[in-house]
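**Q** sequence first, predicted model second:
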Amino acid sequence: MNLVIFGAPGSGKGTQSEFLIEKYGLFHISTGDVLRDHIKRGTEYGKIANEYISKGLLIPDELMVQILAAVLDANKDNAEKGVIFDGFPRTIAQAEALKAVLAERNMEIGAVVGLEVHEDELVERLIKRGKDSGRADDNLETIKQRLEVYHNQTKPLQDYYIAEGKYRAINGQGSIDEIFARIIDAVDNL
Ligand code: ATP
Ligand code: MG
């Protein structure tokens, strides 16, 4: 079972992924975490990624897909029970590329879990996280930019996956446990 966890910045993708990997034994690929790790290690990818992340912009699709495919191939053994894609795809082009990358590996996406949260709550959560995350992109100006990028480039993916019959809308507001229960309900009914 391969899942995409989808939603705006601050919608709780990382938090809910932690619970999902535990319950279903999935392998977690968070592209944000992968990129931050490259930045920390000072790799060539990291240097490029930092330029975009610090401005709240997306890393170019081609580069992102290349990085993603490398992570998949380096973790074949860990991914036997499936993968949870967190923060990827973020554009229609990435979704098309993901389909191809998975097909080459005899894999496919089973469902897209869409965490739906009101915009004012997103901003509140991200500012709160910025106080202790130390993340360069969790400040008000960059948060606003990221939300705009989400609306323009990522949100159209909702309709893309609805058309594929894969999108499962989840109310992403409430307690972490309540939200997780809603996700389990959706995933167990696939
Ligand atoms: P959440 O809070 O729900 O975990 P997020 O948007 O705050 O989500 P990340 O997913 O960690 O944070 O992404 C941080 C940044 O990394 C993005 O703003 C973008 O610059 C870059 N990034 C991550 N994934 C992608 C991707 N698939 N394509 C392009 N850029 C990406
Ligand atoms: Mg995250």
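**A** Cool, the structure landed. Residues are numbered from 1 along each chain as shown. Ligands and ions are numbered 1, 2, ... in the order given.
**Q** what residue in this protein comes nearest to ligand 1?
**A** Relative to ligand 1, the nearest point of the chain is Gly32 (1.8 Å; Cβ to the nearest ligand atom). All C-beta spots, glycine's among them, are computed from the backbone N, C-alpha and C.
**Q** who's in contact with the residue lying closest to that residue once chain neighbours are set aside?
**A** Nearest non-adjacent residue to Gly32, counting by Cβ to Cβ, 6 or more residues apart in numbering: Gly87, 4.7 Å away. Residues near Gly87 by Cβ atoms under 8 Å, 6 or more residues apart in numbering: Lys13, Ser30, Thr31, Gly32.
**Q** name the residues that touch stretch 120-134?
**A** 8-12, 117, 135, 138-140, 143-144, 147, 173.
**Q** hmm, which two among those residues are most spread apart?
**A** Using Cβ to Cβ, the contacts of stretch 120-134 reach their maximum pairwise distance at Asn139 and Gln173, which is 23.4 Å.
**Q** quick one: average pLDDT of the helix or strand where Glu18 lies?
**A** In this structure, Glu18 is located in helix 13-24 according to DSSP states H and E. Mean pLDDT, computed over helix 13-24, is 97.
**Q** in that helix, which residues are buried?
**A** Lys13, Gly14, Gln16, Ser17, Phe19, Leu20, Ile21 (16 or more other Cβ atoms under 10 Å).
**Q** ok, the third one to ligand 2 distance?
**A** Read that as Gln16. 10 Å (Cβ to the ion, to the nearest Å).
**Q** enumerate every residue touching that residue.
**A** Ile5, Val113, Leu115, Ile176, Ile179, Phe180, Ile183.
**Q** distance from the one helix or strand the last one maps to to the middle of the chain?
**A** The secondary structure element spanning Ile183 is helix 176-188 (assigned by DSSP H and E). For helix 176-188, the distance between its averaged C-alpha position and the chain's averaged C-alpha position is 17 Å (Cα atoms, centre = their mean, to the nearest Å).
**Q** and if you look at stretch 85-104?
**A** Distance, centroid of stretch 85-104 to centroid of chain: 11 Å (Cα atoms, centre = their mean).
**Q** so does stretch 85-92 get close to ligand 2?
**A** No - taking Cβ under 5 Å from the ion as the criterion, stretch 85-92 and ligand 2 are apart, separated by no less than 5.6 Å.
**Q** quick check: the residue nearest the centre of the chain vs Gly130, distance?
**A** With distances taken as Cα atoms, centre = their mean, the residue of the chain nearest its centroid is Gly87 (1.6 Å). Separation of Gly87 from Gly130 (Cβ to Cβ, to the nearest Å) stands at 17 Å.
**Q** what residues sit buried inside stretch 108-126?
**A** Applying 16+ other Cβ under 10 Å to stretch 108-126 flags Ile109, Ala111, Val112, Val113, Gly114, Leu115, Val117, Leu122, Val123, Arg125, Leu126 as buried.
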